[in-house]
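K.L.:
Pasting the sequence and the predicted coordinates here, then a few questions.
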Amino acid sequence: MIRVQNLTKLYGDRKAVDGISFHIEEGEIVGFLGPNGAGKTTTLRILTCYMPATSGAASIGGRDVFNNSMAVRRIVGYLPENAPLDGNMRAREYLSFRGKIRGLNRPDREAAIKRVTDQCWLGDFIDRPIHQLSKGMRQRVGLSDALLHDPKVLILDEPTVGLDPGQIRETRNLIHELAKRHTVLLSSHILPEVEATCERTIIIAGGKIVASGSPEELKKRIREGSRLILEVAGPPDEVKKTVSGEKGIQSVECVASDNGWHRLTIETQKNVDPREEVYKIVKQKNWSLRELRLEQGSLEEFFVRITAEQAAKQRSSKQEVRS
Ligand SMILES: Nc1ncnc2c1ncn2[C@@H]1O[C@H](COP(=O)(O)OP(=O)(O)O)[C@@H](O)[C@H]1O
Ligand SMILES: [Mg+2]
């Protein structure tokens, strides 16, 4: 449904999107996850024909976003990061105005407004001035606008940003409902957000795709090295030295000590599980044991690492510009 090939966008000499490629099948609900400045909005704006790419190709439903933008706009609904909504209009008037722009005649407009009012749970709010609506409600008016022409594809840029927890839950439920009838691509800089809503995640950082897959697939991929947590009562230096000598151990660190108990984190090499060996040492030395646990890389940790790496890259490129 959505095909992106080697897409690149330069702002001046700054590469906001750097040769990304991905496919989204019809009916999928996909999260576009990345820290601020990763290139999400830029990509979504190219896909929704709001600006051209510098190079590369993109199509939606087989229509090219550069050469056939009118056809793309007909099958895509877009909720921008900050949906521009006119505060003095009532939601119904606003949607009617938007329907007119889209070329819907009066009866079609009325039918469309009725449909989106149901789809987005607008209820009586449809007849309130927009400035009286909560941020969550305004977001639903924006979503209604994106749905007026009943598009096959919905592209949502950070749809829950700035909402309170109750509104976030409602919006997530609403997106789930919408995903039954539409292909959905939504962006977010918050991992749990994407985990809760999407079947598949594409992670972007520094304009490049760094990983993609279902949450399970991503977790499998990032399970490179693992970490062992060990809590023992034994002389800390000796514990550290003996454990460090085992095969496949990268580093051992004592992270806390309390009343003769020591908590150590043991980093292991890829695919190494030294729990049995560590247990044998503990037994042989006759130390008391409270905990011995293998911690596998979490998606959260992975995402935090990518985010930190990107922040470091941005800092160094700024320094390059200054010097
Ligand atoms: N209009 C613009 N002019 C110059 N640089 C821009 C513009 N829009 C975005 N950028 C830069 O491009 C990069 C990607 O931005 P953006 O696509 O908005 O990221 P995201 O939506 O993931 O936060 C950022 O470094 C941002 O500062
Ligand atoms: Mg953005």
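P.N.:
The structure has been received and is ready for your questions. Ligands and ions are numbered 1, 2, ... in the order given.
K.L.:
okay, CA-based contacts and neighbour counts for the rest of this
P.N.:
OK.
K.L.:
Would you confirm that residue 290 contacts residue 232?
P.N.:
Yes - when contacts are counted by CA atoms under 8 Å, residue 290 is listed as touching residue 232 (6.0 Å).
K.L.:
Between those two, point out the one with more neighbours.
P.N.:
residue 232 (20 against 12; other CA atoms under 10 Å).
K.L.:
Now do the contacts for the more buried one.
P.N.:
261, 262, 263, 282, 287, 288, 289, 290, 291 (CA atoms under 8 Å, 6 or more residues apart in numbering).
K.L.:
Is the nearest residue to residue 57 once chain neighbours are set aside in a helix, a strand, or coil?
P.N.:
Sequence neighbours aside, residue 5 is the residue nearest to residue 57 in space, at 5.1 Å (criterion: CA to CA, 6 or more residues apart in numbering). Under DSSP: H, G, I helix; E, B strand; the rest coil, the three-state class of residue 5 is strand.
K.L.:
Next up, the contacts around residue 5.
P.N.:
Contacts of residue 5 by CA under 8 Å, 6+ apart are 19, 20, 21, 22, 56, 57, 58.
K.L.:
Output those residues as TSV; include the columns distance to ligand 1 and secondary structure.
P.N.:
Output for the contacts of residue 5, formatted as TSV (distance: CA to the nearest ligand atom, whole Å; DSSP: H, G, I helix; E, B strand; the rest coil):
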residue	distance to ligand 1	secondary structure
19	13	strand
20	13	strand
21	16	strand
22	16	strand
56	16	strand
57	17	strand
58	16	strand
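K.L.:
For those, pick the one with the most neighbours.
P.N.:
Counting by other CA under 10 Å, top hit in the contacts of residue 5: residue 58 with 24 neighbours.
K.L.:
Flag every buried residue along stretch 187-202.
P.N.:
187-191, 193-195, 197-198, 200-202 (16 or more other CA atoms under 10 Å).
K.L.:
Could you do stretch 22-31 as well?
P.N.:
24, 28, 29, 30, 31.
K.L.:
For this structure, what lies in contact range of ligand 1?
P.N.:
11, 16, 34, 36, 37, 38, 39, 40, 41, 42 (CA under 6 Å from any ligand atom).
K.L.:
the strands in the stretch 151-300 of the chain, which residues?
P.N.:
Per DSSP state E, counting those that start in this stretch, the stretch 151-300 of the chain carries strands over the ranges 153-157, 183-188, 200-205, 208-213, 227-233, 249-258, 261-268, 288-295.
K.L.:
for the shortest one, packing partners?
P.N.:
Strand 153-157 makes packing contacts with helix 40-47, strand 76-79, strand 183-188 when contacts are defined by 3 or more CA pairs under 8 Å, 6 or more residues apart in numbering; DSSP states H and E.
K.L.:
For the shortest one, buried residues please.
P.N.:
Judged by neighbour count using 16+ other CA under 10 Å, the buried positions of strand 76-79 are 76, 77, 78, 79.
K.L.:
Good, wrapping up.
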